[in-house]
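> missing the sequence, but the structure's below:
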């Protein structure tokens, strides 16, 4: 990852993008891919699509989702505190005592209130639901708060990225800024290598609230195959439950999912491309669903051959997610190699 590519990732991470309010992050993404794509377009809900016209090969969509989990202002009390509702799978166990940003006509700083340990019931180890939490913006009263905040304003955790040892990076929203970074970089690298496949790099919206953007884009593009790049759970840390079995580790390469909606021919093609490009990959079993945009793509129209390509991630859906930047680079190289290798393929189908 060179300095320009890292600056792109940093810009994505610095831009708040809760589900339903992705426009700012999509602008960052579009401005980057416009430099090397043949065409870039957005749709009515803000899904962004960049195109590399490679020739007569298959049409491949490499996708990530732009949205992140967060909160929304549900009500404003007469004493000026903001009541919350979750946006996506917000983790209530790590939500209190956080600095947050409320995104109205202007950005307002706040904190999610947490009673001091001295005055809490020490025997009560339960966590309040998000709907029981409040944000303190320092307002004198409800009238003062309503001058700068409205019901329905999105709220995000204010957490800056931190580089860890080696090539590890910690940040909020790596789910899924990492994926949209890979989608953009895969298109750029496929174009640089003269791939004769047509490549769509896609940054979808509203994945965290029902895979909604992928349903729109999948129907609109109707590609020959779609690869949804998203973070997946790394198990190489002490906090990972011992009864949740997988073999995913940071730094060991992107993760090819198998089972459920992961199309067998596309799985094989990805593994072959990885071998040809000398990219290490890991495998993951998804017996029921992937929990990613791949689940939407493979059931769109008459069934788009789809694959979930995972990026190992520790502490998912917390403000301190951790990825290895080398895995992101490897994933982009794998997808570029896939676009090159599969240029002669007519399509993807299951041999019966």
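Good, I have the coordinates. Computed from a predicted structure; not experimentally measured.
> what about residue 322, which SS state?
strand (DSSP: H, G, I helix; E, B strand; the rest coil).
> ok, the closest residue to it other than its chain neighbours - how many residues close by?
Nearest non-adjacent residue to residue 322, counting by C-beta to C-beta, 6 or more residues apart in numbering: residue 314, 4.1 Å away. No exception for glycine: its C-beta is placed from N, CA and C like everyone else's. If you count neighbours by other C-beta atoms under 10 Å, residue 314 ends up with 24.
> what about residue 314, distance to residue 171?
Residue 314 is 12 Å from residue 171, where distance means C-beta to C-beta, to the nearest Å.
> quickly list what's touching both of these two.
With contacts defined as C-beta atoms under 8 Å, 6 or more residues apart in numbering, the residues shared by residue 314 and residue 171 are residue 321.
> residue closest to the middle of the protein?
residue 176 (1.6 Å; C-alpha atoms, centre = their mean).
> next one: the longest helix out of those in the chain to chain centre, how far?
The residue-count maximum for a helix in the chain (DSSP state H) belongs to helix 174-192. Relative to its parent chain, helix 174-192 has a centroid offset of 11 Å by C-alpha atoms, centre = their mean, to the nearest Å.
> isn't there a strand covering residue 86?
Yes: counting by three-state DSSP, residue 86 is found in a strand.
> contacts for stretch 271-291?
Stretch 271-291 is contacted from outside by 228, 230, 232, 246-249, 252-262, 270, 295, 308, 310, 312, 330, 333-338, 340-342, using C-beta under 8 Å, 6+ apart.
> now do that stretch: distance from first to last residue.
The first and last residues of stretch 271-291 sit 21 Å apart, counting by C-alpha to C-alpha, to the nearest Å.
> and for stretch 140-159?
End to end - C-alpha to C-alpha - stretch 140-159 spans 26 Å.
> could I get the buried residue list for stretch 116-129?
For stretch 116-129, burial by neighbour count (16 or more other C-beta atoms under 10 Å) applies to no residue.
> an error on my part: the question was meant for stretch 82-97.
Buried-residue list, stretch 82-97, by 16+ other C-beta under 10 Å: 82, 83, 84, 85, 86, 87, 88, 90, 95, 96.
> toward the C-terminus, what is the element adjacent to the longest helix of the chain?
strand 198-204 (DSSP states H and E).
> just checking, what packs against that next one?
helix 23-33, strand 48-52, strand 59-65, helix 174-192, helix 212-221 (3 or more C-beta pairs under 8 Å, 6 or more residues apart in numbering; DSSP states H and E).
> I'd like these as TSV, with mean pLDDT appended.
As requested, those are exported to TSV (pLDDT from 0 to 100):
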stretch	mean pLDDT
helix 23-33	98
strand 48-52	98
strand 59-65	98
helix 174-192	98
helix 212-221	97
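> so which of those is the most packed in?
Across those, averaging neighbours per residue (mean count of other C-beta atoms under 10 Å) puts strand 59-65 on top, at a mean of 29.
> understood, closing this out.
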